[in-house]
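Colleague: sharing a model prediction with you, sequence too.
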Amino acid sequence: QVQLVESGGGLVQPGGSLRLSCAASGFTLDEYSIGWFRQAPGKEREGVSCISSNDGSTYYAYSVKGRFTISRDNAKNTVYLQMNSLKPEDTAVYYCATRRVGYCTLYEYDYWGQGTQVTVSS
């Protein structure tokens, strides 16, 4: 049974950092790629970043490039999203998702976590 559990969200001041975790079970990261998404109130869901299962290649949305870093620990079956220089517009519920594909993509994910709230405010 594929499951994803996000953690690490919270309240942080502008310019601060958070590290989100996505703990996976029921599959391994060398077969399934992982994407991070976010959804702010009243806005559509946005793809933030992804990491491929085959070679660990990554992709970042323009809005977070240079500030966010996605990584994975295959031994822990966990993917991380390090978020630095956070801005109020980064406030959203962050979700991780997975699909059984070798490449990095932000489309057509099959399994989703429950989300974790990130609030950037002074």
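Modeller: Cool, got the structure.

Colleague: can you read off the pLDDT for the residue nearest the centre of the chain?
Modeller: Nearest to the geometric centre of the chain sits Trp36, at 2.7 Å (Cα atoms, centre = their mean). Note on Trp36: pLDDT of 98.

Colleague: is it in contact with Cys22, as I believe?
Modeller: Yes. Between Trp36 and Cys22 there is a contact at 7.4 Å, judged by Cβ atoms under 8 Å. Backbone N, C-alpha and C define where each C-beta goes, glycine included.

Colleague: shared neighbours of those two, anything?
Modeller: Common contact partners of Trp36 and Cys22 (Cβ atoms under 8 Å, 6 or more residues apart in numbering): Val79, Leu81, Cys96.

Colleague: so which of the residues you listed are in strands?
Modeller: The strands, defined by DSSP state E, take in Val79, Leu81, Cys96 from these.

Colleague: now those in a markdown table, with neighbour count and distance to Asp55?
Modeller: Output for those, formatted as a markdown table (neighbours: other Cβ atoms under 10 Å; distance: Cβ to Cβ, whole Å):
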| residue | neighbour count | distance to Asp55 |
| --- | --- | --- |
| Val79 | 28 | 15 |
| Leu81 | 26 | 19 |
| Cys96 | 31 | 19 |
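
Colleague: which among those residues gets closest to Val118?
Modeller: Leu81 (9.7 Å; Cβ to Cβ).

Colleague: and the closest one, how far is that from Gln1?
Modeller: Going from Leu81 to Gln1 by Cβ to Cβ, to the nearest Å gives 24 Å.

Colleague: would you map the strands across the protein?
Modeller: 3-7, 10-12, 18-25, 33-39, 46-51, 58-60, 68-73, 78-83, 92-99, 111-112, 116-120.
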